[in-house]
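K.L.:
what follows is a predicted protein model with its sequence.
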Amino acid sequence: MVSYSQVATALIISSISVSSYAFAPPKLSSIAYTSSKINMSTELGKDIDGKSIAAAVREELAQKLSSIPEGESRPGLAVMLVGQRKDSQTYVRMKQKACSDCGMQSFLEEYPNVDEVTEEALLEKIA
């Protein structure tokens, strides 16, 4: 069973809407992400290389995560996927890959049939 109280972000994705419930354990505030290695240009018309910026962000995040002592609370991603939309499944899969690339854990609970789960039940699961 996933302990959602130790996970930094929980997403509820359904065929109707996407809701994000973010919460952080007390010790996570010390690793709040700041983009210190990336020089963002404010010049108009200048192309930016999104792939290299994303790689730099992931590298910096991985370094910060690796500095968290063993046994301490670590950030992660918990997703409750409601329904079977291919685009939502792809989105979740890509977020899980991004977590893995940074050394973060991700947790997935799937509810294939939208009619079998209520919003109240999902919110109860998070709490």
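P.N.:
Thanks, I have it.
K.L.:
doesn't residue 77 lie inside a strand?
P.N.:
Yes. Note on residue 77: a strand contains this position according to DSSP: H, G, I helix; E, B strand; the rest coil.
K.L.:
helix/strand/coil for the nearest residue to it once chain neighbours are set aside?
P.N.:
For residue 77, the nearest residue in space outside its immediate sequence neighbours is residue 106; the separation is 4.4 Å by CB to CB, 6 or more residues apart in numbering. C-beta here means a position set from N, CA and C on the backbone, and glycine is covered the same way. Assigned state for residue 106: strand (three-state reduction, three-state DSSP).
K.L.:
now do residue 106: how many residues are near it, please.
P.N.:
18 (other CB atoms under 10 Å).
K.L.:
need the pLDDT of it.
P.N.:
The per-residue pLDDT reported for residue 106 equals 95.
K.L.:
low-confidence stretches in the chain?
P.N.:
1-43 (pLDDT under 70).
K.L.:
what helix or strand does the spatially closest residue to residue 110 that is not a sequence neighbour sit in?
P.N.:
Leaving out its chain neighbours, the residue that sits closest to residue 110 by CB to CB, 6+ apart is residue 81, at 4.8 Å. Under DSSP states H and E, the secondary-structure element containing residue 81 is strand 76-82.
K.L.:
next: residue 44.
P.N.:
Using DSSP H and E, residue 44 maps to neither a helix nor a strand.
K.L.:
burial measure for it, as a count.
P.N.:
5.
K.L.:
what does the one 10 residues further on give?
P.N.:
The number of residues packed near residue 54 is 13, by other CB under 10 Å.
K.L.:
check the one 4 residues further on too.
P.N.:
Residue 58: 15 surrounding residues under other CB under 10 Å.
K.L.:
okay, angle between the host helix or strand of it and strand 76-82 too, please.
P.N.:
Element membership of residue 58 [criterion: DSSP H and E] is helix 50-66. Taking axes from the mean of the first three to the mean of the last three CA atoms, to 10 degrees, one finds that helix 50-66 is oriented at 120 degrees with respect to strand 76-82.
K.L.:
just checking, what packs against helix 50-66?
P.N.:
For helix 50-66, the contact count by 3 or more CB pairs under 8 Å, 6 or more residues apart in numbering; DSSP states H and E identifies helix 86-102 as packing neighbours.
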